[in-house]
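Participant: Sharing a model that was predicted from the sequence below.
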Amino acid sequence: MAQGPTIILVHGFWGGAAHWSKVIVELARLGHGSIRAVELPLTSLADDAERTRKMIAQQSGPVLLVGHSYGGAVITEAGNQPNVVGLVFIAAFAPDAGESPGGITAKNPPVAAANLAPDSDGYLWVKQDKFHESFCQDLSADEGLVMGVTQKAPLASTFGNEITSPAWKTKNSWYQISSEDRMIHPDNQSWMSGRLGARKVITLKASHASLASMPVEVAAFIDEASRYQ
C-alpha cells in the first residue's frame, strides 16, 4: 500500500461526496488505503469548514486536503489544523483573507453564470436542462443527466462568505486548472493558482468536473502531492 497521509476529499457546490467516486477508485488502485470524503451541508462556509475540521480531527496522522470547486474555499478555511500537511485544489476557489467565492467569480464571470437559478427558499441551482453543458460537458449525456438531477444546491448566501485565515499561506499547495471550465472562469483559476506559491500547477483540458471526466489524471496529481515530504 502507498504510504502517506490520509486523503480527505472535499466536494463543492451542486454535488456531494459521490462526485469523487471515480477519483476514489483510482486512488485505491494507486495503493491509498486511507481515503475519506466529507459530505458538506453547503449552508455556510463556517458550517462547511467546521464539518471538515471534525473529519480532520478524527484522523490520527497527517492529512492531505483536496478540494474541488467551492471545496477549495472550505479547505482554505479549515486547513490550518496542525495535522494538515498540504492542500490540493481541483478547479477550485482559493480565496485570500476577506475574499469570497462570489467576489472572485465577479472578476471574470464564467460562461455558465446565466444558467444559475435561485429558488424561493434561497438555494441556488444549476438549471437542470443546462447542467450537462454548464458543469460537465465532457461527460456523457447520461452522466450529465444524473449529475443534474442529483445536484446538491448551496444556499446562495454561501457565495458571499469570506475567508478569515487562508491555510494556503502556511501549507504546501497544488493546483489543477480546468481549461474548459464553464463554472469557474479559467482566468480566475490561473490567477488564484499563480498567487498560491504552489508546489506544482497543472492544466487539464477538462470541464469543471475534471474529477469525473479525467479521474486518472486527477488521482495521479493527488498521489504526487501525497508523496511530497
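Facilitator: On my side now, so go ahead. Since this is a predicted model, take the numbers as computed values, not measurements.

Participant: What residue in the protein is the furthest from its centre?
Facilitator: Centroid-distance maximum for the chain: Ser120 at 26.5 Å, with CA atoms, centre = their mean.

Participant: And what about it, helix, strand or coil?
Facilitator: coil (DSSP: H, G, I helix; E, B strand; the rest coil).

Participant: quick one, phi/psi of it?
Facilitator: When read as degrees, to the nearest 10, the backbone of Ser120 gives phi -70, psi -10.

Participant: For Trp14, see how far away it is.
Facilitator: As judged by CB to CB, to the nearest Å, Ser120 and Trp14 stand 18 Å apart. C-betas here are computed from N, CA, C, even on glycine.

Participant: Next: His208.
Facilitator: Distance of His208 to Trp14, computed by CB to CB: 9 Å.

Participant: likewise Gln58?
Facilitator: Going from Gln58 to Trp14 by CB to CB gives 26 Å.

Participant: Show me which of those two is the more surrounded one.
Facilitator: Neighbours of Gln58 and Trp14, each counted by other CB atoms under 10 Å, are more numerous for Trp14; the result is 27 against 11.

Participant: Just give the closest residue to the more buried one, not the sequence neighbours.
Facilitator: In space, and not counting its chain neighbours, Trp14 is closest to Gln151: 4.4 Å by CB to CB, 6 or more residues apart in numbering.

Participant: next one: Pro41
Facilitator: Using CB to CB, 6+ apart and skipping residues adjacent in sequence, the residue nearest Pro41 is Asp47, 5.2 Å away.
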